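K.L.:
quick one, fold the following:
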Amino acid sequence: MSQFDHNHAAALKYSLDSPHSAPVVVASGSGYIAEKIIEVAQDSNVPVYHDDSLASLLTQLEVGSEIPPELYQAIVDIYIYFLNYSIKKTEKRDFTTPETNENTK
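P.N.:
Sure, this is the predicted structure:
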């Protein structure tokens with residue numbers, strides 16, 4: 001058992017090249033399945049957002065189905081959260097080049 005009690009988990013996929021107009025549920029489950037979904041995401045460096053209420057709603061959808069319009073705003077908020085996180089993480093990196101040794105010129 002992990003350090004967190006994951007009652008529900010869902011994985012979504014969205015691609016601009018997709019024939020779907022909204023994100024699609026690609027995995028969902030509760031209990032052990034939820035833990036495995038989170039484990040696979042973390043092992044694959046896929047960001048994980050913890051919201052058991054939203055996950056509970058998403059697990060009621062069939063795998064392969066688009067999220068309903070009622071959930072669009074919640075999903076957009078999560079995508080924005082991850083986008084901002086990614087930008088902040090990039091800004092924290094040190095992009096300076098090593099100092100040039102005067103003797104090597």
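K.L.:
next one: the most centrally placed residue in the chain from residue 62, what distance?
P.N.:
Nearest to the mean C-alpha position of the chain, by CA atoms, centre = their mean, lies residue 47 at 3.6 Å. As judged by CB to CB, to the nearest Å, residue 47 and residue 62 stand 24 Å apart. No exception for glycine: its C-beta is placed from N, CA and C like everyone else's.
K.L.:
then residue 36?
P.N.:
Distance from residue 36 to residue 62, by CB to CB: 19 Å.
K.L.:
just the CA trace of the worst-scoring helix or strand of the chain on mean pLDDT, in PDB.
P.N.:
Lowest by mean pLDDT, DSSP states H and E among the helices and strands of the chain is helix 72-92, with a mean of 82. Provided in PDB are the C-alpha atoms of helix 72-92 (Å, rounded to 0.1, in the frame of the first residue of the first chain):
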ATOM      1  CA  TYR A  72     -14.400  21.000 -19.300                       C
ATOM      2  CA  GLN A  73     -13.700  23.900 -16.900                       C
ATOM      3  CA  ALA A  74     -12.300  21.500 -14.200                       C
ATOM      4  CA  ILE A  75     -10.000  19.900 -16.700                       C
ATOM      5  CA  VAL A  76      -8.900  23.200 -18.200                       C
ATOM      6  CA  ASP A  77      -8.000  24.400 -14.700                       C
ATOM      7  CA  ILE A  78      -5.800  21.300 -14.300                       C
ATOM      8  CA  TYR A  79      -4.100  21.700 -17.600                       C
ATOM      9  CA  ILE A  80      -3.400  25.400 -16.700                       C
ATOM     10  CA  TYR A  81      -2.000  24.300 -13.400                       C
ATOM     11  CA  PHE A  82       0.400  21.900 -15.000                       C
ATOM     12  CA  LEU A  83       1.400  24.400 -17.700                       C
ATOM     13  CA  ASN A  84       2.200  27.000 -15.000                       C
ATOM     14  CA  TYR A  85       4.100  24.400 -13.000                       C
ATOM     15  CA  SER A  86       6.100  23.500 -16.100                       C
ATOM     16  CA  ILE A  87       6.900  27.100 -16.900                       C
ATOM     17  CA  LYS A  88       8.000  27.800 -13.300                       C
ATOM     18  CA  LYS A  89      10.200  24.700 -13.300                       C
ATOM     19  CA  THR A  90      11.900  25.800 -16.500                       C
ATOM     20  CA  GLU A  91      12.500  29.300 -15.200                       C
ATOM     21  CA  LYS A  92      14.200  27.900 -12.100                       C
END
